[in-house]
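Q: The following block contains a protein sequence and its predicted model.
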Amino acid sequence: MKRLVSGCMAAALVWSLPLTVHAATLDIGIYGEPASLDAARVTGAVYDNDVLGDLFEGLVTLAPDGDYQPGVATDWSVSDDGLTWTFNLREDARWSDGEPVTAEDFVLAFQRALDPSIASIYANLLYPLDNAAAINRGEAELDTLGVHAANDHRLEVTLEQPTPYLPTLMAHIIAAPVPAHLVREHGNDWTQLSNIASNGAFMPSRWVSHDHIEAVKNPQFHDADSVTLDGVNYHLVEDLNTGLSRFRSGNLDVMRDFDASRYQWLKDNLSDAVHLHNQLSTYYYALNNREGHPTSDVRVREALNLALRRDIIVEKVLQGAANATSSLVPDGTAHYEMQTMPGVEGDIDARMDRAKTLLKEAGYGPEHPLDLRLRFNSRDDHRRIAVAAAAMWKPLGINIEMVNAEANVHYAEIARGDFDIARASWVADFDDASNFLGILASGNTKNYSGYKSAEFDDLLAQATAEADPDERRELLEQAERQALGDYAMAPIYADAARNLVNPDMSGWEDNAINRHLSRWISINP
Amino acid sequence: MLSYIAKRLAMAIPTLLIVITASFFLMRVAPGGPFDGERQLPPEIEANLMAAYHLDEPLPMQYLRYMGNLLQGDFGPSFKYKDFSVTDLIAQGFPVSLELGGLAILLALLLGIPMGVMAALKRNTTVDYLLMGTALGGIAVPNFVIAPLMALFFGVILGWLPVGGWNGGALPNLVLPVVALAIQQIAYIARMMRASMIEVLGSHFIRTARAKGLNERQVIWRHALRPAMLPVLSYLGPAIAGIITGSVVIEQIFGLPGIGRYFVQGALNRDYTLVMGTVVFYGILIVLMNLIVDLLYSLFDPQIRYDD
């Protein structure tokens, strides 16, 4: 027995040795697993961007500070009417198998993203392209899409509407190229590790589902000389407490999220590792504008907004790990001035008085109390915010019935309009105000509030057709003012990006879209 | 013996059929679908997805299609993990769960049985109270409390063991999850063993053995232990199947790529095929485990024979 114990201990010692060796490999903790390595088949979550962003480079890519910079394209130009874009591709761009990256690879990638049989969740991001929506509905042929290869290194994109933010869209993973030679050979199996080639700074080498994905440096990458890491391991860590423990034990260099309620503790104990900064994301309550709900009355919606003490929610419930906001489009959005909801930032007593008056006018009072149903998806912080909000509305005589459900059920129910107030949030796909304002457009499936305003839709349509960036910006700001003035919903806070980052690492810069390419990162010895 | 096994396996077919059918329809009755999420999809995109996975067909049609594929050993594609088929995922996750669960059961048996025997022999003494008190603690404190505490103490504070990750099943990565998983089982087995040992020690054949002048060691080892283990044995069948497929909490806390997580994640994501795949797999496993346990009975209890 003694021999067995000492044998086990020796074995444990031998096995544990490799743990102490620290190669120049970056270990990132991601809280979800990509659905695929095929950009046309992912959901576009933070972890999809982390993995696929390292493996594939689009026409446009991201600098460490989140700014857009040329990727596979060296430069681009746009026609006067804003409808035709020409991208010139770098000649030294190669796939990891040595084949050149050509304009054809982008044509095929865009076509696949819109092919109804691929059923890409993110297809609609490419809808600005000519015929894109029709193709995705199965009403037009793939080859009628507004993209074609003028030659191997020149790509022409034609649009239905001027889209000044097209370059930022081209940095989204849905616009990453696919290796046409491999897709033709293997079909959808091109992403199998035995078949795949990537054109980013790293190439995938191993994938143990629900455990980790390994990528190694891609020697064919055009800027491989400046990439210092040998590889990146993306570890799936769904439990944020486990993520924190693994980070603290040195097992992870980066953990892509932490529990907001731990923020104070982290500030006190891991101050050089905790990163918290604004990102383009808004946490809000959808207020049901549809007929038959008390919240279809603008006075009720205004009263709800007036009584919400956003600063207290952020300070007390979220421990300061976010920023209170009354706007839909968050601060920091490119070419945009933040708008605020009228009346919600003044003295609280005056706000409560006005709220009471409004509710009285709307016909609610002690003899006719207002009962509202608030839905949220089951998560601790959502529950705490809901409890806080209900307490803030209580003095107005509003009774809140809380209903929580797991995420899939929650969103299915609120998409059907079965609520008065419902938790939702929006994280930018790309840095443009239209990406936020679009969720209030009539008929948009993400318009949970069911907000319908001819003025708002009209301003948005004018902005879409406007090629001049300043005019467009003015129209978008006007549209948001319209929606905020209608109290279409109740914005609560601009969410913060939360990361734990090894302090012995350089090249990591906090940025508003919370995307960080590993090619910029180096680990100091 | 062989015809008994064949008969049991044949009886398993209708059981599995009922399990599969019930799960298939229950899964579809659950509110929310596989493509409902924070970003509600535009209708045309949702339609494309529904068509791609044949979810636009009538339910009976989908059922027939699923059963047809199943008969050919095809569990179908996962809705969520698109680069893997359900078969791939189970093939990848099962060895992890098997290793984890197998080691935990082994540890539980190695510690639980001696603890139970010891407590039975020293009945109503301090040793008994101490052992059973500890066991009660093991049952009472859930593993989602013990596991993070162990990770914090041994991983973060002492830095002896990794706090998570599978690392290809390396021993240091296994220690904490196996121990966390085993604690409750040790406690159950110890208590069960104690109760059944006390019962056996009071039976006639033990009295006869003692009367014949055998020393206590021989009485325990040669005569009492085997019959006393029968309840533990019958507990082991479902327990092994459960621990192998159901170590969800531990897999989640330590970030291990086992099959239990697929089951829960699959259910939460409404990944119908993945849930069905794990249910079918779990069903087969339980049937097999129960069969094995029943066959083992004949080794422990001379009164049981599976003659042709």
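A: On my side now, so go ahead.

Q: Does the worst-scoring helix or strand of chain B on mean pLDDT reach chain A?
A: One helix or strand of chain B scores below all others by mean pLDDT, DSSP states H and E: helix B:230-245, with a mean of 81. No - Helix B:230-245 stays clear of chain A (C-beta under 8 Å from any C-beta of the partner chain), getting no nearer than 14.2 Å. From N, CA and C alone the C-beta is placed, and that goes for glycine too.

Q: residues of that helix that come out buried?
A: Judged by neighbour count (16 or more other C-beta atoms under 10 Å in any protein chain shown), helix B:230-245 contains these buried residues: B:230-237, B:239-245.

Q: packing partners for the helix or strand following that helix?
A: Downstream of helix B:230-245, the next assigned helix or strand under DSSP states H and E is helix B:248-254. Secondary-structure packing of helix B:248-254 (3 or more C-beta pairs under 8 Å, 6 or more residues apart in numbering or on different chains; DSSP states H and E): helix A:240-248, helix B:86-121, helix B:143-150, helix B:171-201, helix B:259-269.

Q: Now do the shortest one, average pLDDT.
A: Yep, that's helix B:143-150 we're talking about. In this model, helix B:143-150 carries a mean pLDDT of 88.

Q: so residue A:119 sits in a helix?
A: No - using DSSP: H, G, I helix; E, B strand; the rest coil, the assignment for residue A:119 is coil, not a helix.

Q: Residue B:173 contacts residue B:166, doesn't it?
A: Yes - using C-beta atoms under 8 Å, residue B:173 is in contact with residue B:166, at 6.0 Å.

Q: Start and end of stretch A:495-509, how far apart?
A: Stretch A:495-509 has its terminal residues 18 Å apart, counting by C-alpha to C-alpha, to the nearest Å.

Q: Contacts (any at all) between chain B and that stretch?
A: No - when contact is scored as C-beta under 8 Å from any C-beta, no part of stretch A:495-509 falls within range of chain B; the minimum is 12.3 Å.

Q: That stretch: which residues count as buried?
A: Buried residues in stretch A:495-509, counting neighbours by 16+ other C-beta under 10 Å, are found at A:495, A:496, A:497, A:498, A:499, A:500, A:501, A:502, A:507, A:508.

Q: Now do residue A:8, the pLDDT please.
A: Per-residue confidence (pLDDT) for residue A:8: 43.

Q: how about the residues of the stretch 351-500 of chain A that lie near chain B?
A: Proximity of the stretch 351-500 of chain A to chain B (C-beta under 8 Å from any C-beta) is limited to residues A:405-413, A:415, A:424-425, A:444-446, A:448.

Q: Which of these fall in strands?
A: In strands, judged by DSSP state E, the following of these are found: A:405, A:424, A:425.

Q: filter the residues you listed to the buried ones?
A: Among these, those that count as buried by neighbour count (16+ other C-beta under 10 Å) are A:405, A:424.

Q: Make a markdown table from the ones in strands among the residues of the stretch 351-500 of chain A next to chain B and add distance to residue A:156 and pLDDT to it.
A: Compiled in a markdown table, those are given as follows (distance: C-beta to C-beta, whole Å; pLDDT from 0 to 100):
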| residue | distance to residue A:156 | pLDDT |
| --- | --- | --- |
| A:405 | 47 | 86 |
| A:424 | 38 | 94 |
| A:425 | 37 | 92 |
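
Q: any idea of the mean pLDDT in stretch A:362-371?
A: The predicted model gives stretch A:362-371 an average pLDDT of 90.

Q: now swap in stretch A:64-76 and tell me
A: What stretch A:64-76 shows for mean pLDDT is 95.

Q: now swap in stretch B:247-256 and tell me
A: Averaging pLDDT along stretch B:247-256 gives 85.

Q: just so I have it, where are all the helices in the stretch 301-450 of chain A?
A: All helices of the stretch 301-450 of chain A, identified by DSSP state H, counting those that start in this stretch, fall at A:310-312, A:348-361, A:380-393, A:407-415, A:433-437.

Q: Just name the most buried of the ones you listed.
A: Greatest average neighbour count among the helices of the stretch 301-450 of chain A goes to helix A:433-437 (a mean of 23), per mean count of other C-beta atoms under 10 Å in any protein chain shown.

Q: Show me what it is in contact with.
A: With C-beta atoms under 8 Å, 6 or more residues apart in numbering or on different chains as the test, helix A:433-437 has contacts from A:165, A:280, A:282, A:328-330, A:333, A:335-336, A:426, A:428-429, A:460, A:463-464, A:473, A:476-477, A:479-480, A:483.

Q: List buried residues within those.
A: Neighbour-count burial (16+ other C-beta under 10 Å) is assigned, among the contacts of helix A:433-437, to A:165, A:280, A:282, A:328-330, A:333, A:336, A:426, A:428-429, A:460, A:463-464, A:473, A:476-477, A:479-480, A:483.

Q: Which of those residues fall in strands?
A: Those of those mapping onto strands are A:280, A:282, A:426, per DSSP E.

Q: residues contacting residue B:125?
A: Contacts for residue B:125 (C-beta under 8 Å, 6+ apart) come out as none.

Q: so how far is chain A from it?
A: From residue B:125 across to chain A, the span is 25 Å (C-beta to the nearest C-beta, to the nearest Å).

Q: how about TSV for the helices and strands packed on helix B:248-254, with mean neighbour count added?
A: Formatted as TSV, these follow (neighbours: other C-beta atoms under 10 Å in any protein chain shown):
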stretch	mean neighbour count
helix A:240-248	23
helix B:86-121	20
helix B:143-150	18
helix B:171-201	22
helix B:259-269	23
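
Q: Let's have those helices in a markdown table, adding distance to residue A:260.
A: Formatted as a markdown table, those follow (distance: least, C-beta to C-beta, whole Å):
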| stretch | distance to residue A:260 |
| --- | --- |
| helix A:240-248 | 9 |
| helix B:86-121 | 31 |
| helix B:143-150 | 18 |
| helix B:171-201 | 27 |
| helix B:259-269 | 21 |
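
Q: what about the closest residue in space to residue B:97 that isn't next to it in sequence, neighbour count?
A: Leaving aside its sequence neighbours, residue B:97 sits nearest to residue B:258 (C-beta to C-beta, 6 or more residues apart in numbering or on different chains; 3.8 Å). Residue B:258: 30 surrounding residues under other C-beta atoms under 10 Å in any protein chain shown.

Q: cool, residue A:394 as well?
A: Close neighbours of residue A:394, defined as other C-beta under 10 Å, add up to 12.

Q: what do you get for residue A:452?
A: Residues within reach of residue A:452, counting by other C-beta under 10 Å, total 16.

Q: and it, how far is that from residue A:290?
A: Separation of residue A:452 from residue A:290 (C-beta to C-beta, to the nearest Å): 9 Å.

Q: Could you point out the bridge partners of residue A:29 in the sheet?
A: On the basis of DSSP bridges, residue A:29 is bridged to residue A:235, residue A:255.

Q: does it really touch residue A:245, like I thought?
A: No - using C-beta under 8 Å, residue A:29 makes no contact with residue A:245, being 10.4 Å away.

Q: how about the residues of the stretch 101-250 of chain B near chain A?
A: B:148, B:151-152, B:155-156, B:159, B:161-166, B:170-172, B:175.

Q: and with 10 Å instead?
A: Within the stretch 101-250 of chain B, the residues that sit near chain A (C-beta under 10 Å from any C-beta of the partner chain) are B:144, B:147-148, B:151-152, B:154-168, B:170-175, B:249.

Q: Show me which of those are buried.
A: Buried members of those, scored by 16+ other C-beta under 10 Å, are B:147-148, B:151-152, B:154-156, B:161-167, B:170-175, B:249.

Q: Please name the nearest non-neighbouring residue to residue A:166.
A: Distance criterion C-beta to C-beta, 6+ apart; nearest residue to residue A:166, sequence neighbours excluded, is residue A:85 at 5.8 Å.

Q: That neighbour belongs to a helix?
A: No - under three-state DSSP, residue A:85 sits outside any helix and is assigned strand.

Q: ok, now which ones touch residue A:401?
A: Residues in contact with residue A:401 (C-beta atoms under 10 Å, 6 or more residues apart in numbering or on different chains) are A:371, A:372, A:373, A:374, A:375, A:390, A:420, A:421.
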